[in-house]
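Colleague: coords please:
(2 chains)
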Amino acid sequence: MQFMLLFSRQGKLRLQKWYVPLSDKEKKKITRELVQTVLARKPKMCSFLEWRDLKIVYKRYASLYFCCAIEDQDNELITLEIIHRYVELLDKYFGSVCELDIIFNFEKAYFILDEFLLGGEVQETSKKNVLKAIEQADLLQENTENIYHSKSIIGYKTAY
Amino acid sequence: MALKMVKGSIDRMFDKNLQDLVRGIRNHKEDEAKYISQCIDEIKQELKQDNIAVKANAVCKLTYALALTWAIFLQRVGYLAASQCFHEGTDVIMLTTNQIRKDLSSPSQYDTGVALTGLSCFVTPDLARDLASDIMTLMSHTKPYIRKKAVLIMYKVFLKYPESLRPAFPRLKEKLEDPDPGVQSAAVNVICELARRNPKNYLSLAPLFFKLMTSSTNNWVLIKIIKLFGALTPLEPRLGKKLIEPLTNLIHSTSAMSLLYECVNTVIAVLISLSSGMPNHSASIQLCVQKLRILIEDSDQNLKYLGLLAMSKILKTHPKSVQSHKDLVLQCLDDKDESIRLRALDLLYGMVSKKNLMEIVKKLMTHVDKAEGTTYRDELLTKIIDICSQSNYQHITNFEWYISILVELTRLEGTRHGHLIAAQMLDVAIRVKAIRKFAVSQMSALLDNAHLVASSTQRNGICEVLYAAAWICGEFSEHLQEPHQTLEAMLRPKVTTLPGHIQAVYVQNVVKLYASILQQQEQAAEAEAAQEVTQLMVERLPQFVQSADLEVQERASCILQLVKHVQKLQAKGVPVAEEVSALFAGELNPVAPKAQKKVPVPEGLDLDAWINEPPSDSESEDEKPKAIFHDEEPRHVRRRQPEEDEEELARRREARKQEQANNPFYIKSSPSPQKRYRDAPGVEHIPVVQIDLSVPLKVPGMPMSDQYVKLEEERRHRQRLEKDKKKKRKKEKDRKGKHRRHSSLPTESDEDIAPAQQVDIVTEEMPENALPSDEEDKDPNDPYRALDIDLDKPLADSEKLPVQKHRNTEVSKSPEKDEVPVVEKKSKKPKKKEKKPKEKEKKKERERKKSSRHKKKKHKKEREEKEKKKAKRKQPEREHEQEEPVQNGAAEEEEEETLPPMSSYRLLAENSFIKMTYDIQASLQKDSQVTVSVILENQSGSFLKNMELSVLDSLNAKMARPEGSSVHAGVPVPFQLPPGVSNEAQFVFTVQSIIMAQKLKGTLSFIAKDDDGATHEKLDFRLHFSCSSYLITTPCYSDAFARLLESGDLSMSSIKVDGISMSFQNLLSKICFYHHFSVVERVDSCASMYSRSIQGHHVCLLLKKGESSVSVDGKCSDPTLLSSLLEEMKATLAQC
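Modeller: Predicted coordinates:
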């Protein structure tokens, strides 16, 4: 997979993950172009389109479009399954996920994606394992965060 | 804004860049931690600026700083930031090598995991080289979590540092048999990706993968393996044979569509690579086609699309098995989805045969009529032309039919492809000699009705066909039935409205036509008629002479002079026809489009050398010397009909060769066999059927291709009967093999169909000694090329991965790298900056409200009702405040469950005399001041006077007292209360820190006077300053909201409240009302909200309702403030 984009029905980019090095300019251009093309498609149309020398696989979940670019030989259906799996993971993690979750907790959405895909390849096919890893990392983060904050509060109090 | 920008760029001059930061850190050896936290604060400021360059710099620094700090939460976010921002050119990566290495070897698997994930996004060749051995070690980590990530990231490392592939490969291979399925699938993934690019190096792994394929049940893995085999089989046909069986088994058994699709695809690939003549072969193809048919028939558009896609792959090698599903493909043309229709069209392209071409095109023509939207119709048009013209018109048996199809297509309104149709008309007319007569008659009809084509479609390209029509009528004018009429049509005044290049062709061909008319009339000795024609020309040509188009003007003037000259000669009775026709004598043959490019450059000729020294560049800028050679437009490829007579042809060819031999400028070469005219082999024995000319030819505006379909059927029937009679066995079989020069094989029965016309498709001329077509070489920039490495060779010593040693002694490329102080868990207390920049925005709304409050209104008994009104008034106001942010508060329509009236006034204290309720209002103008409005209601029959409010100040909150009064003095209430009356008094408090709620103790003292006399009374109370009261409802656009969250300097916390039955809408209203939030966006039962404190803290909320619970996630610039707020909200929600 070359990249994954999440954007809203209004065309606002919500999440982007690039697995190929591209300049910011190029990324912007691609995003703009794809958002336009995908949004222009009618709901009854199939989820694939050929774009440049890549294949675009997209799917709409509620108000959010998930859009992946894969190479010529890649399997479109498995990509759809990847998208679906990612949505399932988000759903499990956030509890009936919605677009606002991804705006609000965007870093979590990235972490989940990173646990699920690495370098554009599926790294973990088991939902349970992905969520377990995320929860563990969350816990770890929370603990250190707490230590950090308690220190900062102490710092604040002594200064006060 | 502009000011801000200027300020930004000035600030930037004082900003530290990354180098400064690194230097700074080194200079502050002893208080490093403090310095870093200082820098982080600076960076935070920078991040808030609009200037992208400043931001980018800040992110770089931040990442570096974060990498140095110890907390994993920073690290996790830091790597995320890095993976989003870094690309290969970011030089900061160099500095992070050591940090990443440290993280990789961290004892916590999540630290390592985060580092690996981050690395996968920004690995550079340098990083890959330096870290390859570390990652390789991680491939054997005890935790599968790490192994899996390390294996996957190796792929990225290989891409950046191909030398690492050979040393790492044995271990990678081991991982194929890892006990953990995740690791195993990661290894399969990596090897599959590698093998797809350079399959030959991985053939030796085939048995291992074969075993995996038959044993694995994980579809994700299976798909990868099957894909890998798809890449391997073209190199090893034996493998393909072995694969067919397990693959067909999978196709039969699997229920997963993705796996099925992959299998079918691979089977197709295998079958393509296998040489034909395999038994069983057709069975598996049949199975594939069958399964694909099921996919296509499925209601799921995606499956349909993929089914068609795969079909088209089969079509290339096994057209017969696909052709039987023509009905299905034609059905797909009716699909709602345009992309499916286009796929079906692609398939049709390969499915046509002599037998079904007419039928398919007929169907397509009906679609052209129905099609909505010009893009799809244009696509149909090009496809029709593609289908018909493919491989040298091999499927067309009746060119009259084709010409009439083209003529019908000209009636398409608004198409862009007029030039395509025109090119086809020209091509067919030129290359199929037998059709010229018919073509000319059609074209003259078209010219006659030019107004139909040109008038309605002036703006679009369909008038291009007139170009072709004019040229054909002129060039082949000898076939014209009524040349005079056509001449008139071409000289109509209306013609001058056509585009210039078409007029030019008109002018040129008018003369050709004129020449042939002259000749006819002179032969018939009709001198008068000839003079009339000349007169017509002289009269009409001036309209072209006036043309604004230079080309038209020039041609017209030349020709006008010529005709005038002819007129003079005619007047003298001199025969001129011969001479005029001589102008257009000569043979023009079709030239292949690439012919010019293929002319070999003779030795010693340097095309880039100047012939003359170039003139100074001021000259002739606008005159572009292009298109001398490379022009492929048909008008440059003027062709003359070759004589039908083979003898004549040979004679001419000989003459031309002779001429060329004498021509010193002609590039001579040995004759090539390529350049023979291909007369259809055995054309003689094909029965030529008389064309039924009863077909009405001149009915423009009426589709007529249909008639040909019927005629053709009859013809074929007749032909078949004839054939049956003859029953001669020909050596067809032998020929069949040779015939396979085209991608799609004509079916057996196809061969039997003889064309209606003696089709002599003139091949295009190529220059002699043409260069062989240049093969497309592999792209030298292909990143996968470097990975084309033989993996079976034993490892040489020199191929060990560079193991990182202490590089202090070495001369290192980047000195900083080594000197970077590795900060271990040095504790530091980054100072939390409490004060955020205070943006003093003017809120007129607030101002107005405040002033209205200052007018102390008399409160009557019906306070309850007043509150209601107040609440109501508040809503529309707020709505007005936020035009863009979505529905906010109770003003929502369609609300079944009405919310009880809300009041922000809470009870402060109560006794038999008086009841006190209060509300706290904050204002943006005063960042540490709130106003407490207290409503005092006299509940007794006494008259209350001399009321005084005294409060015990705390360190943090103080009541503002009149100047000069002591710290403990009370503040008098400026009114008295008769029985049953209420009134509102306001008191100002200053508050230092607003991040925690607090309570102030106070007392109201007053004198109650009734008929019995006056008593001194007291009422104690506790004034509760909730954190919500420091918030000010501030609208926020969703974009700004998203940016705020992305800025990353908010801390996060969340609560969850169970047992909530209130509707989500009402919940939102409550939170908006009591906690001063505004809704940013709402989606179903999920909403994001925003508010800001008087001290500029941003507070973002995500409210989400489940079955009977509500979760609130909050993000705020201050964690303490956030947790206080959430606690308050929890209390509010608990009552819902």
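Colleague: CA atoms for contacts and neighbours, from now on please.
Modeller: Fine.
Colleague: show me the residues around B:E297 that make contact.
Modeller: By CA atoms under 8 Å, 6 or more residues apart in numbering or on different chains, the contact list for B:E297 reads B:K304, B:L328.
Colleague: Check what pLDDT it gets.
Modeller: On pLDDT, B:E297 comes in at 86.
Colleague: do the same with A:N146
Modeller: 69.
Colleague: just the one 5 residues further on next, same as before
Modeller: Predicted confidence (pLDDT) for A:K151: 55.
Colleague: Repeat that for A:D91.
Modeller: 90.
Colleague: and B:A529, how far is that from B:Q520?
Modeller: B:A529 sits 10 Å away from B:Q520, going by CA to CA, to the nearest Å.
Colleague: Which neighbours do these two have in common?
Modeller: The overlap between the contact sets of B:A529 and B:Q520 (CA under 8 Å, 6+ apart) is empty.
Colleague: So B:V1099: helix, strand or coil?
Modeller: Look at B:V1099: counting by DSSP: H, G, I helix; E, B strand; the rest coil, its state is strand.
Colleague: Low-confidence regions, the stretch 951-1100 of chain B specifically.
Modeller: For the stretch 951-1100 of chain B, applying pLDDT under 70 flags the ranges B:1048.
Colleague: meant to ask about the stretch 101-250 of chain B
Modeller: Applying pLDDT under 70 to the stretch 101-250 of chain B flags no residue at all.
Colleague: just so I have it, where are all the helices in it?
Modeller: B:109-122, B:125-138, B:144-160, B:165-174, B:181-197, B:206-215, B:219-232, B:237-253 (DSSP state H, counting those that start in this stretch).
Colleague: Give me the angle between the first one and helix B:125-138.
Modeller: By that I understand helix B:109-122. Helix B:109-122 runs at 150 degrees relative to helix B:125-138, counting by axes from the mean of the first three to the mean of the last three CA atoms, to 10 degrees.
Colleague: which helices and strands does helix B:109-122 pack with?
Modeller: Using 3 or more CA pairs under 8 Å, 6 or more residues apart in numbering or on different chains; DSSP states H and E as the contact test, the elements touching helix B:109-122 are helix A:127-159, helix B:72-85, helix B:92-104, helix B:144-160.
Colleague: If we use 10 Å, what do you get?
Modeller: Packing contacts for helix B:109-122, counted by 3 or more CA pairs under 10 Å, 6 or more residues apart in numbering or on different chains; DSSP states H and E, involve helix A:106-116, strand A:117-118, helix A:127-159, helix B:72-85, helix B:92-104, helix B:125-138, helix B:144-160.
Colleague: Kindly report the same for the second one.
Modeller: In terms of contact count using 3+ CA pairs under 10 Å, 6+ apart, helix B:125-138 is assigned the packing partners helix B:92-104, helix B:109-122, helix B:144-160, helix B:165-174.
Colleague: which of the residues in the last one are buried?
Modeller: This points to helix B:165-174. Buried residues in helix B:165-174, counted by 16 or more other CA atoms under 10 Å in any protein chain shown: B:L165, B:R166, B:P167, B:A168, B:F169, B:R171, B:L172, B:K173.
Colleague: Does the third one touch B:L791 like I think?
Modeller: Yes. Because the distance of 9.2 Å satisfies CA atoms under 10 Å, B:P167 is recorded as touching B:L791.
Colleague: thinking again about what came up before, ok, so of the buried residues of helix B:165-174, who is nearest B:D378?
Modeller: Nearest to B:D378 among these is B:L165, at 49.6 Å by CA to CA.
Colleague: pretty sure the closest one is touching B:V190, no?
Modeller: No. The pair B:L165 / B:V190 is not scored as a contact, 11.4 Å apart, by CA under 10 Å.
Colleague: what's the closest of the helices and strands packed on helix B:125-138 to B:S1111?
Modeller: Among those, helix B:109-122 sits nearest to B:S1111 (CA to CA), with 27.3 Å.
Colleague: Can you show me the CA trace of the closest one as CSV?
Modeller: Extracted C-alpha coordinates of helix B:109-122, given in CSV (Å, rounded to 0.1, in the frame of the first residue of the first chain):
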residue,chain,number,x,y,z
GLN,B,109,8.9,-3.8,24.0
TYR,B,110,6.6,-0.9,23.4
ASP,B,111,9.5,1.5,23.3
THR,B,112,11.1,-0.6,20.7
GLY,B,113,7.9,-1.0,18.8
VAL,B,114,7.3,2.7,18.7
ALA,B,115,10.8,3.2,17.4
LEU,B,116,10.4,0.6,14.7
THR,B,117,7.1,2.0,13.6
GLY,B,118,8.5,5.4,13.4
LEU,B,119,11.5,4.2,11.6
SER,B,120,9.4,2.5,8.9
CYS,B,121,8.2,5.9,7.8
PHE,B,122,11.4,7.8,7.6
